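Colleague: Sequence and predicted structure below; questions after.
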Amino acid sequence: MKRSNAARLLSAALGLALLAAGLARREHLEVLQKAVRVCLECIGIG
């Protein structure tokens, strides 16, 4: 039981660290731009 809790805690900490790294590199803006581009291409505007 303790090992399972440790694995969950480690996974959550790693996920938060990677999320923070992506935000620090401003990658969320790039993902949003790509999503808008794909969406516009789907409806035939882009």
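Modeller: Thanks, I have the structure now. Residues are numbered from 1 along each chain as shown.

Colleague: ok, now how distant is the residue nearest in space to the middle of the chain from Gln33?
Modeller: Centroid check for the chain by CA atoms, centre = their mean gives Leu19 as the closest residue, at 6.1 Å. Leu19 sits 19 Å away from Gln33 when distances are taken as CB to CB, to the nearest Å. Every C-beta, even on glycine, is put in place using the N, C-alpha and C of the backbone.

Colleague: ditto for Glu41
Modeller: In terms of CB to CB, Glu41 sits 13 Å off from Gln33.

Colleague: what do you get for Cys42?
Modeller: Counting by CB to CB, the gap from Cys42 to Gln33 is 15 Å.

Colleague: now swap in Ala24 and tell me
Modeller: When CB to CB is the yardstick, Ala24 and Gln33 sit 18 Å from each other.

Colleague: which stretches of the protein have low pLDDT?
Modeller: Under the criterion of pLDDT under 70, the regions of the chain flagged as low confidence span 1, 46.

Colleague: and after the top helix by length along it, which helix or strand comes next?
Modeller: For the chain, the helix reaching the highest residue count under DSSP state H is reported as helix 2-24. Past helix 2-24, further along toward the C-terminus, the next helix or strand under DSSP states H and E is helix 27-42.

Colleague: can you give me how far that following helix is from the chain middle?
Modeller: For helix 27-42, the distance between its averaged C-alpha position and the chain's averaged C-alpha position is 14 Å (CA atoms, centre = their mean, to the nearest Å).

Colleague: Next: stretch 24-37.
Modeller: Computed by CA atoms, centre = their mean, the chain-centroid distance of stretch 24-37 equals 10 Å.
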